[in-house]
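> Have a look at this prediction, sequence included:
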Amino acid sequence: DTGVSQDPRHKITKRGQNVTFRCDPISEHNRLYWYRQTLGQGPEFLTYFQNEAQLEKSRLLSDRFSAERPKGSFSTLEIQRTEQGDSAMYLCASSPPWGAPRNTEAFFGQGTRLTVV
Amino acid sequence: QQPVQSPQAVILREGEDAVINCSSSKALYSVHWYRQKHGEAPVFLMILLKGGEQKGHEKISASFNEKKQQSSLYLTASQLSYSGTYFCGTENRDDKIIFGKGTRLHILP
C-alpha cells in the first residue's frame, strides 16, 4: 500500500490519559499535515511539516498537543491529559514538494478516531 | 483565513446540476477540491493552480478566478454516487492547505 497510513484507526481513552497517533506519509512527499475533524465540520488545520521542520502550529492548539517528524518521514501527534473535547477524527495528509509539476494535491490517510470517555 | 463555501447544503434529484462556490480573503496559489463520504477520509477530486485554469473530468469540473480569489465546482447530471460533503482547500505559495466548512450534497433518486 503506497498511500498515507495512520495508526491506530480507533482509540478510546479515559480523560486525563496521554495518547499518541502515528502517520506514515507517501514516501516521496516532504509535506505533512495534521487536521482535526469533528462531525459536520471541515478538516481543521493543526500543524504542518516540511521535511522534519514544523513550519506552523495552529493557535487553536493548546500546549497539550505536540507533533514531531524526527527524520522527515513518519510523524507522531501526541495529546497529553486528554479532555472530552478532544474527541474527534484526527487526519493526516501528505503532499509532494511545492512546485512539483501538477502534483501538489494532498492525500489523506483514513484517520484516527479518538473518543475520550 | 478559512475559505468560505456556499451553499452549506444542497439537495438535488438525480440528473440535476449543482454549483459549489469557494472564496478566500487571501491571495491564492491553488484551490483543492475534495469529496468526503460519511465515515471516510476526504478523497481528492482536482486541483486548480494559479493561472485561471479550468479542469474537469467527466461530469465534474471546476474553475479558479485568481483575481477574485474564488473557485467553483460544477457537478452536471448528478449521480447518486456524488452524494457527500465537498470541501475546498486553499493554498498560498509554499503554505499549508486550509479547508472550508464544507457543502453537503444529497442526491435523491
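Now that the structure is in, tell me what you want to look at.
> alpha carbons only for contacts and neighbour counts from here, please
Will do.
> so which strand or helix has the residue lying closest to residue B:21 once chain neighbours are set aside?
Spatial nearest neighbour of residue B:21, excluding adjacent residues (CA to CA, 6 or more residues apart in numbering or on different chains): residue B:72 at 4.4 Å. Using DSSP states H and E, the element containing residue B:72 is strand B:70-75.
> Report the mean per-residue pLDDT for the helix or strand that that strand is followed by.
Going down the chain from strand B:70-75, the next helix or strand is strand B:84-91, by DSSP H and E. Mean pLDDT, strand B:84-91: 93.
> Run the angle between strand B:84-91 and strand B:70-75 for me.
Per axes from the mean of the first three to the mean of the last three CA atoms, to 10 degrees, the angle that strand B:84-91 makes with strand B:70-75 is 150 degrees.
> partners of strand B:84-91 in the sheet?
Using DSSP bridges, the strands paired with strand B:84-91 are strand B:30-36 (antiparallel), strand B:97-99 (antiparallel), strand B:103-108 (antiparallel).
> Nearest to residue A:82, out of these?
strand B:97-99 (25.0 Å; CA to CA).
> which parts of the closest one are buried?
B:97, B:98, B:99 (16 or more other CA atoms under 10 Å in any protein chain shown).
> Out of the residues you listed, show me where the pLDDT dips lowest.
residue B:97 (87).
> where does chain B have low pLDDT?
B:51-57, B:94 (pLDDT under 70).
> Ramachandran coordinates for the closest residue to chain A within it?
With CA to the nearest CA, the shortest gap between chain B and chain A falls at residue B:101, namely 4.3 Å. Main-chain dihedrals, residue B:101, degrees, to the nearest 10: phi -80, psi -10.
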